[in-house]
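*Asks:* Make a model of this:
(4 chains)
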There are 2 protein chains.
Amino acid sequence: MARKTGSHSDITGPRVRDAAISLIAEKGFAAVSMRQIAAAVDMQAGALYNYTADKQSLLFDLMRTHMEELLEARAEAAVTGDALTRLEAFTRFHIRFHLPRSREVFLSYMELRNLTPENFAGIERLRKVYEDDLEAILIDGQRAGVFKIADTKIATLALIAMLTGISNWYRPDGRLSIDRIEEIYWALVQNAVGAAEIAATAAE
Amino acid sequence: MARKTGSHSDITGPRVRDAAISLIAEKGFAAVSMRQIAAAVDMQAGALYNYTADKQSLLFDLMRTHMEELLEARAEAAVTGDALTRLEAFTRFHIRFHLPRSREVFLSYMELRNLTPENFAGIERLRKVYEDDLEAILIDGQRAGVFKIADTKIATLALIAMLTGISNWYRPDGRLSIDRIEEIYWALVQNAVGAAEIAATAAE
DNA sequence: CATTTAACTGAACGCCTGTTCATTTGGGAA
DNA sequence: TTCCCAAATGAACAGGCGTTCAGTTAAATG
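*Replies:* Got it, this is the predicted structure:
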């Protein structure tokens, strides 16, 4: 046996990537073998090398693609307006983008240490773009007196950690809908940056 | 060669555990071999089996010990008083306990999926005790009208994710001291649960 | 329909894996 | 000082690892 009926790189390529994402998210990069990935798409391990140079490149490609899709989606969902409006847009975007991608989120946060130093630097650079996007909003709001933040850099990391943590417990069939989660976290974010406090004070 | 001069299980045991924590935190459980751990303490791989039944038990012991030390330290640092006071104590305790234990934190959050189902259940049970501790504080404060929280369960997870995220960027020689980090995060936590807002409203 | 090319197999490579065990040696007690 | 046991060694086991490649088959091209 050799080439399979109906086989096409356009079809097999995405299937390989999808199987790799699932397996790596479940077991971890180091714990998943090329033979396991191949078996998941009903192939022999050797055939995977039509789709990736090696195992390391496969991991990097998955993570880079995830980060690029994140930045691209964020750019498309860009919003203008005051800091509070933009913070709300960021919060809701983050949740809506990440919740349906629990495998990729898991993978991207867990497998950084399995990247070579060069590949790691590449991913970190993309991650920093996203963080800077949020920090710019916080700095703006701080300057406008709308937010009350002790340290915008720390607040950025704290908010992203809080929001990304949703992926650790969210289940599509769980107690809370995505809409409800958005509302709850938007309230938490608003409070955390001191926006609610200012609002209450202004209402005096 | 066989038994080494000055060798004692009381000494070698902790050395093995410490080397295992460092290596697993750095590379991940699946990526670290028993031979690598043994080499870090200058032994042969076979000798490790004087200290652990197998590789899986080693991981489980490391994680269980970490969680038990967390719960024990938390019990010792217990504070009575109103919800705000106890929330502050919890926040500061969490930071002070976790910051010097970045390896264990990393390991405990990353390697859950490498536990067998039974071992996983054991660790999750301990984790839940800690989460419930925080949620009890939030529920109390909510009832007393001191906190303004949409969903105490979610707020619990959000706060822990935010606080534990510190371990991802904290460096002992970094820009911020532990004291300063405590202050910044206590302000964020206070805000997030709506305590600051209540305070501001009351000051009208 | 003939030819080329893309997609895949299956075997092989050297190396590493967790774990076991007979054997050896040092430490502590009698 | 003799004895016993704790604490290691180092070789061996069967099996899995990432990766390569000659060979085979289906699809695409003309």
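
*Asks:* Give the residue spans of chain A that score low on pLDDT.
*Replies:* For chain A, the stretches flagged by pLDDT under 70 are A:1, A:197-204.

*Asks:* Where do the helices of it begin and end?
*Replies:* According to DSSP state H, chain A carries its helices in the segments A:9-27, A:34-40, A:55-76, A:83-98, A:102-110, A:117-143, A:152-164, A:178-192, A:195-202.

*Asks:* Mean neighbour count, those: which tops it?
*Replies:* Here the criterion is mean neighbour count by mean count of other C-beta atoms under 10 Å in any protein chain shown, and of the helices of chain A the winner is helix A:152-164, at a mean of 22. For the C-beta atoms, the positions are set from N, CA and C on the backbone; glycine is no exception.

*Asks:* and that helix with helix B:152-164, angle?
*Replies:* Relative orientation of helix A:152-164 with respect to helix B:152-164: 140 degrees, computed using axes from the mean of the first three to the mean of the last three C-alpha atoms, to 10 degrees.

*Asks:* Briefly note if helix A:152-164 comes near chain B.
*Replies:* Yes: residues of helix A:152-164 are located near chain B by C-beta under 8 Å from any C-beta of the partner chain, namely A:Ile154, A:Ala155, A:Leu157, A:Ala158, A:Leu159, A:Ile160, A:Ala161, A:Met162, A:Thr164.

*Asks:* Not counting sequence-adjacent ones, nearest residue to the third one?
*Replies:* When the adjacent residues along the chain are set aside, A:Leu157 lies closest to B:Trp169, with 5.8 Å between them (C-beta to C-beta, 6 or more residues apart in numbering or on different chains).

*Asks:* for A:Ala144, same thing?
*Replies:* Distances taken as C-beta to C-beta, 6+ apart put A:Ala83 closest to A:Ala144, at 5.8 Å, once the chain neighbours are dropped.

*Asks:* Next one: that neighbour from DNA strand C, what distance?
*Replies:* From A:Ala83 over to DNA strand C the distance is 49 Å, taken as C-beta to the nearest atom of the strand, to the nearest Å.

*Asks:* Thought A:Val146 was touching that residue, still the case?
*Replies:* Yes: at 5.3 Å, A:Ala83 and A:Val146 qualify as touching, with contact defined as C-beta atoms under 8 Å.

*Asks:* before we move on, back to that, distance of the residue nearest to A:Ala144 from A:Ile149?
*Replies:* In this structure, A:Ala83 and A:Ile149 are separated by 11 Å, where distance is defined by C-beta to C-beta, to the nearest Å.

*Asks:* again, but for A:Glu68
*Replies:* As it turns out, when the distance is counted by C-beta to C-beta, A:Glu68 lies 29 Å from A:Ile149.

*Asks:* coming back round to it: so which of the residues of helix A:152-164 next to chain B would you say is closest to DNA strand C?
*Replies:* Out of those, the one with the shortest distance to DNA strand C is A:Thr164. That distance is 30.1 Å, counting by C-beta to the nearest atom of the strand.

*Asks:* near DNA strand C, which residues of chain A show up?
*Replies:* Residues of chain A found near DNA strand C (C-beta under 7 Å from any atom of the strand) are A:1-4, A:7-10, A:12, A:38, A:42-47, A:50.

*Asks:* so how far is DNA strand D from A:Asp94?
*Replies:* Small correction: residue A:94 is His, not Asp. Summarising the geometry, the distance separating A:His94 from DNA strand D, computed by C-beta to the nearest atom of the strand, is 33 Å.

*Asks:* Distance of that residue relative to DNA strand C?
*Replies:* 36 Å.

*Asks:* Equivalent analysis for A:Ser108, please.
*Replies:* Counting by C-beta to the nearest atom of the strand, the gap from A:Ser108 to DNA strand C is 25 Å.

*Asks:* How about the contacts made by the nearest residue to A:Trp186 once chain neighbours are set aside?
*Replies:* In space, and not counting its chain neighbours, A:Trp186 is closest to A:Thr91: 5.2 Å by C-beta to C-beta, 6+ apart. Going by C-beta atoms under 8 Å, 6 or more residues apart in numbering or on different chains, A:Thr91 touches A:Leu159, A:Leu163, A:Glu182, A:Tyr185, A:Trp186, A:Val189.

*Asks:* So the fourth one sits against B:Leu157, correct?
*Replies:* What that stands for is A:Tyr185. No: the pair formed by A:Tyr185 and B:Leu157 falls short of the contact definition of C-beta under 8 Å, at 10.5 Å.
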